[in-house]
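Chemist: build me a model from this:
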Amino acid sequence: MTEIIPFRAVRPANDKAHLVASRSYVSYKPADLKRKLGENPFSFIHIINPEFNSNKKSAMNSDRLFNLVKKKYEEFLNSNVLIQDDTNALYIYQQITPEASYSGLICGVSVKEYSTGKIKIHEQTLTAREEVFCKYLDICDFNAEPVLLTYTENKADLKLTLSVKMTERPEVDFTTTDRIRHRLWLIHSADLIKEIQNSFAQINALYIADGHHRMASSAKLHEKRNKAVSEKIPLHGFALAYIISLEDLRILPFHRLVKSDKLLDDKKILELLDLNFKIIRAENSVIPDAKRHWGLKLASGWYDLRLKEPYIAHKQVDHLDAVILTKKVLEPIFGILDQKTDKRISFIPGNEHLDRYEKMVEGGNAAALFTLYPVSHEELIAVADANEIMPPKSTWIAPKLRSGLTIMPLS
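Modeler: Reported below is the predicted structural model:
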């Protein structure tokens, strides 16, 4: 059984939704961020970065900074840039990109179900980051970035219910400069909300697709605040979530860029790879089209890599190409034992062009670029069901959600 709840979202005034909603703060390059903040006084990034026009900067992740975030949030509320809905609602959100369309439900999900393993993970979280996000939520008292969740059951009834609602005119409809269209419908009807809740009650488990640290910090916040026993679970007992079906997720790989501090030239790298891989010289860049297939860019050119022998997988996670690359290449050849902390490895999202990374290799600023085939939907679920953990940056998952479109107050 999966529990979801409606809530009274704080949302941008309809005429400002396209100006307020923003990509994740960390996704902007410094120059783009400065330009955006300078040109758009309504951007949600002003809340996250309240000291944009200040000469005095607070310490990173400090109480002072987070209190300024809360103050800026309240300024947006007081000036009616942000407005809270009068009644509880569920929210249907659709994102239409040049590559795909995504439709799902924004709601609250129980952090208790996360703590008991009914909301399943495939990625390990860092305690330090959990603590920072928990403090942020506690001080600011709002959650503006949904965790992306998915489910495996065939819920035709749920999809039909949502699709019927989506024939109506959306409450919010705008297109951002990256050519992504955003549409939002509000569900206020108590009967319809109950029907959707009943559909989710038949779902055995949810899976975190993106947002492991956000989910973990929401659970930590509830643990911190929930000192007194109460029959009614407060809002901090729930995390803001966007739930879509597994088949609608788009999964791309993260490629690996490796800097070597060893005396490894192309000839030596190829010689060591030849122990386990068939190596074929390629005329153009190699983007793998199947599992057990990797691309390799060296200063001397591109190469196609395939295993010489069948690979024996003892655990579900061992089936992943990223794991095989780790065990056969990154650890024994480059000595990269901890990909979370080793500064010699960088991760390139599968939606990025590789041109500048190829030039880094050609110019000697990196030793090698490895391209990977994406993890499948089935592999993601199998790893989570087995309570196993993928290597860092195993999946780049879409949709990428906007911050500030639906904000959940936490008290």
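
Chemist: what segments of this structure are helices?
Modeler: In the chain, helices defined by DSSP state H lie at 17-20, 30-39, 45-48, 63-78, 111-115, 127-140, 156-165, 190-201, 212-225, 266-273, 321-325, 355-362, 377-385, listed in chain order.

Chemist: highest average neighbour count across the ones you listed?
Modeler: Mean neighbours per residue, mean count of other Cβ atoms under 10 Å, is largest over the helices of the chain for helix 45-48, with a mean of 23. Every residue, glycine included, has its C-beta placed from N, CA and C.

Chemist: which strands and helices sit next to it?
Modeler: Packing contacts for helix 45-48, counted by 3 or more Cβ pairs under 8 Å, 6 or more residues apart in numbering; DSSP states H and E, involve helix 30-39, helix 63-78.

Chemist: and these, which one is worst for confidence?
Modeler: Here those differ in mean pLDDT, and the lowest is helix 30-39 at a mean of 87.

Chemist: tell me the gap between it and the middle of its chain.
Modeler: Here the centre of helix 30-39 is set off from its chain's centre by 23 Å, with Cα atoms, centre = their mean, to the nearest Å.

Chemist: CA atoms only for it - export them in CSV, please.
Modeler: Extracted in CSV, the C-alpha atoms of helix 30-39 (Å, rounded to 0.1, in the frame of the first residue of the first chain):
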residue,chain,number,x,y,z
PRO,A,30,28.1,31.1,-13.0
ALA,A,31,27.7,33.6,-15.9
ASP,A,32,24.3,32.3,-16.8
LEU,A,33,23.2,32.5,-13.2
LYS,A,34,24.4,36.1,-12.8
ARG,A,35,22.6,37.1,-16.0
LYS,A,36,19.4,35.3,-15.0
LEU,A,37,19.3,36.9,-11.5
GLY,A,38,20.1,40.3,-13.0
GLU,A,39,17.3,40.1,-15.6
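
Chemist: local confidence estimate at the nearest residue to S199 once chain neighbours are set aside?
Modeler: In space, and not counting its chain neighbours, S199 is closest to L158: 4.2 Å by Cβ to Cβ, 6 or more residues apart in numbering. pLDDT for L158: 93.

Chemist: is it true that L158 touches N198?
Modeler: No - the pair L158 and N198 fails to qualify as a contact (Cβ atoms under 8 Å) at a distance of 9.5 Å.

Chemist: distance of S189 relative to P6?
Modeler: To P6, S189 is 10 Å away according to Cβ to Cβ, to the nearest Å.

Chemist: swap in A190?
Modeler: 9 Å.

Chemist: and if you look at G211?
Modeler: Distance from G211 to P6, by Cβ to Cβ: 20 Å.

Chemist: and K56, by the same measure?
Modeler: 41 Å.

Chemist: who has more neighbours, these two?
Modeler: Neighbour tally, K56 and P6, criterion other Cβ atoms under 10 Å: the higher count belongs to P6, 22 against 5.

Chemist: who's in contact with the more buried one?
Modeler: 88-90, 107-108, 187, 193 (Cβ atoms under 8 Å, 6 or more residues apart in numbering).

Chemist: at 6 Å what do you get?
Modeler: Shown in contact with P6 (Cβ atoms under 6 Å, 6 or more residues apart in numbering): 88-90, 193.

Chemist: one more: L148?
Modeler: Counting by Cβ under 6 Å, 6+ apart, L148 makes contact with 209-211, 242.

Chemist: repeat that for 7 Å
Modeler: Going by Cβ atoms under 7 Å, 6 or more residues apart in numbering, L148 touches 209-211, 242, 397, 401.

Chemist: those strands in the stretch 151-300 of the chain, which residues are they?
Modeler: For the stretch 151-300 of the chain, strands defined by DSSP state E, counting those that start in this stretch occupy the ranges 172-175, 181-187, 206-210, 238-245, 250-252, 254-258, 277-282, 293-298.

Chemist: would CSV of those strands with distance to K36, mean pLDDT and mean neighbour count be doable?
Modeler: Formatted as CSV, those follow (distance: least, Cβ to Cβ, whole Å; pLDDT from 0 to 100; neighbours: other Cβ atoms under 10 Å):
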stretch, distance to K36, mean pLDDT, mean neighbour count
strand 172-175, 16, 97, 16
strand 181-187, 17, 98, 19
strand 206-210, 23, 97, 24
strand 238-245, 23, 97, 24
strand 250-252, 25, 97, 18
strand 254-258, 26, 98, 23
strand 277-282, 39, 97, 14
strand 293-298, 33, 98, 22
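
Chemist: for S62, which of those strands is the nearest?
Modeler: The minimum distance between S62 and these falls on strand 238-245, with 23.8 Å, by Cβ to Cβ.

Chemist: mind putting the strands of the stretch 151-300 of the chain into a markdown table with distance to D385?
Modeler: Output for the strands of the stretch 151-300 of the chain, formatted as a markdown table (distance: least, Cβ to Cβ, whole Å):
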| stretch | distance to D385 |
| --- | --- |
| strand 172-175 | 36 |
| strand 181-187 | 31 |
| strand 206-210 | 9 |
| strand 238-245 | 17 |
| strand 250-252 | 17 |
| strand 254-258 | 22 |
| strand 277-282 | 30 |
| strand 293-298 | 26 |
